[in-house]
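Q: need the 3D shape of this:
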Amino acid sequence: MNLSFVKKVVTAGSVCLLLSGMSSAYADAAADVTRFQGYFLNKFKDKKVDGKPITLQDFADGVYAIDETSRETWNEIEEMPPYEIHIDEGKAMWEKPFANGKSYASCFADGPAIANKYPHWDKEKSMVITLPLALNNCLKANGEKPLKYKKGSINNILAYIAFESRGQKIDVKVPSDDPKAVAAYNKGKQFWLARRGQLNMSCAACHAQNSGLKVRGDLLSPALGQVTHFPVYRAKWGTVGTLHRRFSGCNKQVRAKPFKAQGEEYRNLEYFLTTMSNGLKLNGPSSRK
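A: Now for the predicted structure:
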């Protein structure tokens, strides 16, 4: 890992320096991941998790990896997690036959522990396929009504799949021989870097450059590991919500018009952001403030 580069980034205090060295070609995506992960490992190198120096895997716990007080409260909540009922309801959805007698298992032969397979690039469709999109494609192929993408029962089946997939490592691949896949990856990167909204803020400004700082009473979480734990139960929502619902909320918070859940913009963003967390273990569903 090129820590000398990372140290320059931290000294300068600008995430733009971090990503300015990232080539637009996917051949250097491994270098993107190294710089991205190295940035956060160096930025929070003095943090302790359960008395031990912070590790890459600790970032799967989001903001609770960098704030000991919040982590203690979170651990207490996780002893009786508010999302358990959603896991049970999701299991029932997985096992319930469709009207034609088939089920989700007819679309996903490997069973419900499939979260590590998404998002992925579909060469035939020339698009990023996320897990919610794949679930709805299954429903439509079997004559069933698709689920809403941000709220409602889609979170139940996502919670069940996430629970069954715990411990799987993220390993997103972008085929370097497919220019369209490379373009999708780069669009996701550009989205993460772009400033938008009346507050003129980017994903990178909040969750890289200013990660670990407080906005009012909330601590800004590191971008590294943000995708590992969805869907999440948020006290603010009073229920479980999807990653794209959170993307929409972030856009609204900077007073920007959110994009459509599971539209190309958010799918490409998920593609890039998940790639940056390659090597981390999935630990969803989870709870967040």
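Q: give me the domain ranges for this structure.
A: 3-81+176-288, 84-164 (automatic domain parsing).
Q: helix or strand: which one has residue 273?
A: When elements are defined using DSSP states H and E, residue 273 is found to belong to helix 264-276.
Q: how are the strands of the stretch 1-150 of the chain distributed by residue range?
A: Counting by DSSP state E, counting those that start in this stretch, the stretch 1-150 of the chain has strands at residues 48-49, 52-53, 120-122, 127-129.
Q: please identify the most buried of the ones you listed.
A: Greatest average neighbour count among those goes to strand 127-129 (a mean of 21), per mean count of other CB atoms under 10 Å. (Each C-beta comes from the backbone N, C-alpha and C, glycine too.)
Q: list the neighbouring strands of that strand plus their orientation.
A: Take DSSP bridges as the rule and strand 127-129 pairs in its sheet with strand 120-122 (antiparallel).
Q: got the contact list for the strand it pairs with?
A: Contact with strand 120-122 is made by 127-129, 172-175, 178, 181, 184, 271, as judged by CB atoms under 8 Å, 6 or more residues apart in numbering.
Q: output these as CSV; include the columns distance to residue 243 and pLDDT.
A: Listed next are the contacts of strand 120-122 as CSV, based on distance: CB to CB, whole Å; pLDDT from 0 to 100:
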residue, distance to residue 243, pLDDT
127, 17, 98
128, 13, 98
129, 14, 98
172, 14, 96
173, 19, 94
174, 19, 90
175, 23, 89
178, 24, 91
181, 20, 94
184, 17, 95
271, 12, 98
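Q: re earlier: name the helices or strands packed onto the helix holding residue 273?
A: Helix 264-276 sits against helix 29-43, strand 127-129, helix 179-193, helix 243-253, with contacts defined as 3 or more CB pairs under 8 Å, 6 or more residues apart in numbering; DSSP states H and E.
Q: ok, the residue positioned nearest the centre of the chain to residue 207 distance?
A: In the chain, the residue lying closest to the centroid (CA atoms, centre = their mean) is residue 227, at 1.9 Å. Distance, residue 227 to residue 207, by CB to CB, to the nearest Å: 12 Å.
Q: now residue 95
A: Counting by CB to CB, the separation of residue 95 from residue 207 is 37 Å.
Q: so those two - more neighbours on which side?
A: Set side by side, residue 95 and residue 207 give different neighbour counts by other CB atoms under 10 Å, the larger being at residue 207 (22 against 12).
Q: how about the secondary structure of the more buried one?
A: For residue 207, the reduced secondary structure class is helix; criterion used: DSSP: H, G, I helix; E, B strand; the rest coil.
Q: excluding covalently adjacent residues, which one is nearest to it?
A: Nearest-residue entry for residue 207: residue 223, 4.0 Å, with adjacent residues in sequence omitted and distances by CB to CB, 6 or more residues apart in numbering.
Q: how many neighbours does the one you found have?
A: Burial of residue 223 is recorded as 23 neighbouring residues (other CB under 10 Å).
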